[in-house]
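Chemist: fold the following.
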Amino acid sequence: MKKIDIIHDKIYFNKKEAAKRLKYWKFKDEKVVFTNGCFDLVHRGHIEYLAKAADIGTKLIVGLNSDASVKNLKGESRPINDEDSRAELLAAFSFIDMVIIFDEETPLELIQYISPKYLVKGSDYKVEEIVGYDHVKRNGGDIITMNFLSGYSSTNIIKKIKAYD
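Modeler: Numbering: from 1, shown residues only. All right, here's what the predicted structure looks like:
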């Protein structure tokens, strides 16, 4: 299999497309970790966050906000990169096992569908306020927050680029 095919094989455009692989992972008792975000301009902070999230379990799933979802959350000028490009970039990381694009404002439906063992978000969230907290806890999973690498954000990168205009 070609390397690009391996990358593309990790990308799903909805949760139902991923069902067969998810069932297999559950059968194999994989410890599924789930996190989500826009990942518009991937930077060092994202890489460290995602790599640390992957270390928590045996499979890392990234829920990726669709273009429409990013626009609703971040405004008309976003995303900078389209969902296909963002998904392919994330799937290229060896420590990411699956990328699922979702249209909703939050990944709640996706979390309920996947029922991950671990739900990971940044420490800027209070654990009990993290979308999917109730579902994951009710199903025996854990919610983990991680500190962000200081000084890195897509918004700040965009501001820096605009300052060069």
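Chemist: end-to-end on stretch 148-156?
Modeler: For stretch 148-156, the first and last residues are 14 Å from each other (Cα to Cα, to the nearest Å).
Chemist: low pLDDT regions in this structure?
Modeler: For the chain, applying pLDDT under 70 flags the ranges 165.
Chemist: those helices in it, which residues are they?
Modeler: 3-8, 19-27, 44-56, 67-74, 83-91, 108-114, 133-138, 154-163 (DSSP state H).
Chemist: distance of residue 64 from residue 38?
Modeler: 8 Å (Cβ to Cβ, to the nearest Å). (Glycine included, C-beta is placed from N, CA and C.)
Chemist: would you mind listing the buried residues in stretch 26-43?
Modeler: Buried residues in stretch 26-43, counted by 16 or more other Cβ atoms under 10 Å: 32, 33, 34, 35, 36, 37, 38, 39, 40, 41, 42, 43.
Chemist: again but with stretch 127-135, I slipped
Modeler: Here stretch 127-135 shows 130, 131, 132, 133, 135 as buried, counting by 16+ other Cβ under 10 Å.
Chemist: now tabulate those in TSV and tack on distance to residue 144.
Modeler: As requested, the buried residues of stretch 127-135 are exported to TSV (distance: Cβ to Cβ, whole Å):
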residue	distance to residue 144
130	10
131	14
132	12
133	11
135	15
